[in-house]
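missing the sequence, but the structure's below:
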DNA sequence: TCAATCTTGAAATGACCGTTCCAAGATAAG
DNA sequence: CTTATCTTGGAACGGTCATTTCAAGATTGA
């Protein structure tokens, strides 16, 4: 009997993700969302709830669509260190060029804003960090099995290090950091963890 | 002939720094500033200009009062790697406990927000990064002179790495990262750069 | 076709935003 | 003490905020 929605909630959410990703939640008004999505306030509120609910949904979708697929690929890659290197290459590429250049990472951005006082948002940040760290750890264990790690390198602590390094890349890329410089920095980190090239 | 100010602009600015540092500029209203400082809108606008001017002044003051003294101490320390280690210990201590626990770094936070679209703010972020990197580099060169660096370690790239790591620490500490875990991560990074403990 | 039920458009809500204005108060040189 | 000049308090400004409301439109089962 009822009417059906005249739009695709998932496609709309992708548009909303882009808004919150680029500008943050505090600097994005509902009017911005209305303008960008083309639908009106009533549909928005009926579908997603208020602004904070909309932000939470967008952050969840960012994790599912943007982060987790990349993490999964990293964790399941059997090559070891080259997989980690490729992960960072893709990261830097995405952060410094193309449609999302200088947007940083929506999760990293959320760390720095007032939005992280929301317990559910905080939970998503922790989940993101855990998943990134574990994917990195899996790749490093694989690397260790293939003798790619330096004798003293601890996969556990190295996974933490590389995860934090990714946050640093995300942050500095938003301020316009040079891609080549970021690549060189990452290479130095991997070199320090892996078997020493030049002794 | 004229009247004089009935307050100390520098002390007031310290209060404003704390506001913007903790909540960010977008989530802080002029009313918050009025309430926190105790002075009046007129005095605020007459002394500092508008909100954006006030934020810029606060960010400048954060650099001068909070960042640069620490950078200077790091750059001039003659001990090498222990100086770097102490820098990170102090950083993690400040980020995870005491008055400013879970506030992150005002500059790191600014990277992630919409405030970095202001050219002057962007300039301050770059200046901060340059100064951090150069202090780190100076300490690493000192370390190298004393034979504390691993044979393959490049002070230049390692300085970049440690600077990005600091941003990662700042970010994750805001989401409640555990101090012990952060310390362990930093130790692993320094171990990878320095002469290998366990071979 | 009718009626039930959801969606949609557009206007309205009150609260808060950053900023301005002006009269009253304070200061110090003459 | 007068007067010029700045500071201060507090009200007022138009604009924008997130959210609500409600009538009109659309859809589907009976």
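That came through fine. Predicted model, so just to flag it, every value in this text is computed and none were measured. Residues are numbered from 1 along each chain as shown, chains lettered A, B, ... in the order given.

Going by C-alpha atoms from here, please, whenever you check contacts or count neighbours.
Fine.

for DNA strand C, what are the nearby residues on chain A?
Counting by Cα under 7 Å from any atom of the strand, chain A comes close to DNA strand C at A:1-7, A:39-43, A:46-47.

Would you pull up the residue in chain A closest to DNA strand C?
residue A:6 (3.1 Å; Cα to the nearest atom of the strand).

Could you tell me how many residues sit around that residue?
The local packing of residue A:6 (other Cα atoms under 10 Å in any protein chain shown) involves 8 other residues.

Show me where chain A has its strands.
For chain A, no strands are identified by DSSP state E.

Within range of DNA strand D, give me the residues from it.
Within chain A, the positions adjacent to DNA strand D are A:1-4, A:26, A:28-31, A:41-42, A:45, A:50-52 by Cα under 7 Å from any atom of the strand.

circling back to that earlier point, angles on the backbone of the residue of chain A closest to DNA strand C, please.
In terms of degrees, to the nearest 10, the main-chain angles of residue A:6 are phi -90, psi 20.

Now do it against residue A:180, distance only.
According to Cα to Cα, to the nearest Å, residue A:6 and residue A:180 sit 45 Å apart.

Tell me where the model's unsure across chain A.
In the predicted model of chain A, residues A:1, A:196-199 satisfy pLDDT under 70.

Burial check on the residue lying closest to residue A:157 once chain neighbours are set aside, number of neighbours?
Excluding the flanking residues, the one nearest residue A:157 by Cα to Cα, 6 or more residues apart in numbering or on different chains is residue B:185, at 5.4 Å. By the criterion of other Cα under 10 Å, residue B:185 has 23 neighbours.

Does residue B:185 touch residue A:158 like I think?
Yes: Residue B:185 lies in contact with residue A:158 (Cα atoms under 8 Å); the separation is 7.2 Å.

Please identify the buried residues of the biggest helix by length in chain A?
Among the elements of chain A assigned as helix by DSSP state H, the one spanning the most residues is helix A:119-145. Residues of helix A:119-145 classed as buried by neighbour count (16 or more other Cα atoms under 10 Å in any protein chain shown): A:121-122, A:124-126, A:128-129, A:131-144.

Does anything pack onto that helix? Which helices or strands?
helix A:51-62, helix A:68-76, helix A:81-96, helix A:106-112, helix A:155-174 (3 or more Cα pairs under 8 Å, 6 or more residues apart in numbering or on different chains; DSSP states H and E).

by how many degrees do the second one and helix A:119-145 diverge?
Read it as helix A:68-76. If you take axes from the mean of the first three to the mean of the last three Cα atoms, to 10 degrees, helix A:68-76 sits at 30 degrees to helix A:119-145.

What of the longest one?
Between helix A:155-174 and helix A:119-145, the angle formed by their directions is 120 degrees, by the same axes, to 10 degrees.

How far does helix A:155-174 sit from its chain's centre?
Centre-to-centre, helix A:155-174 and its host chain are 11 Å apart (Cα atoms, centre = their mean, to the nearest Å).

how far off helix A:81-96 does it point, in degrees?
Using the same axes, to 10 degrees: helix A:155-174 against helix A:81-96 is 20 degrees.

Show me what helix A:155-174 packs onto, helices and strands only.
Helix A:155-174 packs on helix A:81-96, helix A:106-112, helix A:119-145, helix A:179-193, helix B:106-112, helix B:155-174, helix B:179-193, going by 3+ Cα pairs under 8 Å, 6+ apart.

how big is the angle separating the last one from helix B:119-145?
Compare the direction of helix B:179-193 with that of helix B:119-145 by the same axes, to 10 degrees and you get 60 degrees.

What count of nearby residues applies to residue A:11?
Neighbourhood size, residue A:11 [other Cα under 10 Å]: 11.

let me fix that: residue A:87
Using other Cα under 10 Å, residue A:87 is surrounded by 18 other residues.

Spatially nearest residue to it (excluding sequence neighbours)?
Using Cα to Cα, 6+ apart, the closest residue to residue A:87 is residue A:74 (6.7 Å).

just to revisit the earlier point, any idea which of the helices and strands packed on helix A:119-145 is most buried?
Using mean count of other Cα atoms under 10 Å in any protein chain shown, the stretch among the helices and strands packed on helix A:119-145 with the largest mean neighbour count is helix A:106-112, at a mean of 27.

closest one to residue B:100 among the helices and strands packed on helix A:119-145?
helix A:106-112 (14.0 Å; Cα to Cα).

packing partners for the closest one?
Other helices and strands packing on helix A:106-112, by 3+ Cα pairs under 8 Å, 6+ apart, are helix A:9-23, helix A:51-62, helix A:119-145, helix A:155-174, helix B:106-112, helix B:155-174.

any chance of these in CSV, plus distance to residue A:78?
Written out in CSV, the entries for the helices and strands packed on helix A:106-112 read as follows (distance: least, Cα to Cα, whole Å):
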stretch, distance to residue A:78
helix A:9-23, 32
helix A:51-62, 26
helix A:119-145, 6
helix A:155-174, 15
helix B:106-112, 34
helix B:155-174, 26
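
To residue B:82, which of those lies closest?
Nearest to residue B:82, of the helices and strands packed on helix A:106-112 and by Cα to Cα, is helix B:155-174 at 13.8 Å.

got the angle between the closest one and helix B:9-23?
Orientation of helix B:155-174 against helix B:9-23 (the same axes, to 10 degrees) gives an angle of 80 degrees.

Cool, thanks, signing off.
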